[in-house]
Structure formats: structure tokens, C-alpha cells
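A.B. asks: heads up, no residue letters with this:
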């Protein structure tokens, strides 16, 4: 079967660094995506890891360890606008099938 | 460039009524998807279409039907709405037909909020 775990909520202050972990179990795994969703908005793509290691995109970085079925999203220099839900989504099987977890709600405080 | 357009944005139905959610994308993407999002449940895949002319079930297909009308359009139909189908529905598209470059970048529509009384 498939399983996906990430913390339900994370709180941090402006300027800090926060890491959102994701562990997954799925067959036919190809890579791990991360999406951001602000309240009332649509999910938007942040990053994708197909290989082990760190991918950096500005203030955001994403890491994957295929052997551990584990990944994380690292957000640096947090800003108030980073308050949102963050979803990890393993990409597995057949045709572009992306399964999302329940997401992690990040609250950034002054 | 509109991206992914969903209609309607809001809809209230009575139990047993039927309706169709429309979705269109103008990015020439091959693959299209319908997700539903409920509080605390994240996004769950209802149906997807890898390419024009094909559709497949996702995690929660019961109570829904889909039509891939052409490359641009992918509709979701509720034949007999139930309160359990109260949710926010998102349509999405991606450019790749097979796993590989671009396969994971989904572009979502703004969502359709459906309430079934």
C-alpha cells in the first residue's frame, strides 16, 4: 500500500529556518515533489527531487534520501508570506500519478 | 495565458442533484487530473487522464465520472450528489505523457467549492 507522513503543523518566527519532514511508502517510486498552498488558494509547485541529495531554489531547498524513503523541505529566512500549507507528493507508478499527503501547516510569526 | 480554468467557482446542490464541473487548460498539456480537498485530508486524486482519449481512476473515484472531451478539456460529473461530496475540487494539468521531465509539475486551477445539502 501507500503511506505518507508529514507533521500536521509547524510554527516558526520570521527570519528563522524551518524543516518539514516527509516519509513515504509507495511502490514504483520515481521522485518527490513539494507544493505550497496558501489559504483559499490553489497548490503551486515548489520543487522536485528525482535523485538523492539537495536541490536548492532560492530560500527553499528540498532533500531526498531514496534508501530511507525520506525527504524534507527547508525554508530559510522565513517571511510572513511563507505561512501556508506544504505538501510532499511522491511520484509513483504509471502515468504521472501524484499522491498528496495531508500537508503541513506552517505558521510564521513576527 | 489563463493556465487552468475551472467553472463554476461555487455551487450549492441538493442531495440527488447532478452537476458537471468544467476544466480547461491552454498550455497544451497532455495529462489532466481532478482532486478533491477536504479539511485535514489533503488532496485526494479522483480521476486522471494521461492523454486525450484515456481516463483512469484515482484514490476516490466512487460517485464520479469524467470525460476527456479533447486535449484542452476534462470534466467531472456528479450523477447523484451526496453530502459526503461537499468539498473543494481542483483540476490540474501537466505536460508529460510518461514519467520523466515535466511529469511532476502540476498546474492547478483556482478550485470549485461545492456544497451538497
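C.D. replies: Yes, it's here. No experiment lies behind these values; they were computed from the predicted model shown.

A.B. asks: residues in contact with the spatially most central residue of chain B?
C.D. replies: Taking CA atoms, centre = their mean as the criterion, residue B:34 is the residue nearest the geometric centre of chain B, at 2.3 Å. Residues near residue B:34 by CB atoms under 8 Å, 6 or more residues apart in numbering or on different chains: B:21, B:23, B:45-48, B:58, B:64, B:66, B:74, B:76, B:89-92. The C-beta positions use only the backbone N, C-alpha and C, and glycine is treated the same way.

A.B. asks: try it again with 6 Å
C.D. replies: Neighbour list for residue B:34: B:46-47, B:76, B:91 [criterion: CB atoms under 6 Å, 6 or more residues apart in numbering or on different chains].

A.B. asks: in stretch A:62-79, what's buried?
C.D. replies: A:62-64, A:66, A:69, A:71-73, A:75, A:78 (16 or more other CB atoms under 10 Å in any protein chain shown).

A.B. asks: Taking the residues you listed, tell me the two that lie furthest apart.
C.D. replies: A:66 and A:78 (28.0 Å; CB to CB).

A.B. asks: Quick check: beta-bridge partners of residue A:12?
C.D. replies: As for beta bridges, residue A:12 partners with residue A:108 under DSSP bridges.

A.B. asks: pretty sure it contacts residue A:79?
C.D. replies: No: the pair residue A:12 / residue A:79 is not scored as a contact, 10.6 Å apart, by CB atoms under 6 Å.

A.B. asks: Give me every residue in chain A lying close to chain B.
C.D. replies: A:30, A:33, A:42-43, A:45, A:48, A:91, A:95-96, A:100-103 (CB under 6 Å from any CB of the partner chain).

A.B. asks: Could I get the contacts of residue B:34 in a markdown table, plus columns for neighbour count, pLDDT and secondary structure?
C.D. replies: Below are the contacts of residue B:34 laid out as a markdown table (neighbours: other CB atoms under 10 Å in any protein chain shown; pLDDT from 0 to 100; DSSP: H, G, I helix; E, B strand; the rest coil):
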| residue | neighbour count | pLDDT | secondary structure |
| --- | --- | --- | --- |
| B:46 | 24 | 94 | strand |
| B:47 | 22 | 94 | strand |
| B:76 | 23 | 98 | strand |
| B:91 | 30 | 97 | strand |
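
A.B. asks: of all those, which comes closest to residue A:37?
C.D. replies: Taking CB to CB as the measure, residue A:37 lies nearest residue B:91 of the contacts of residue B:34, at 14.8 Å.
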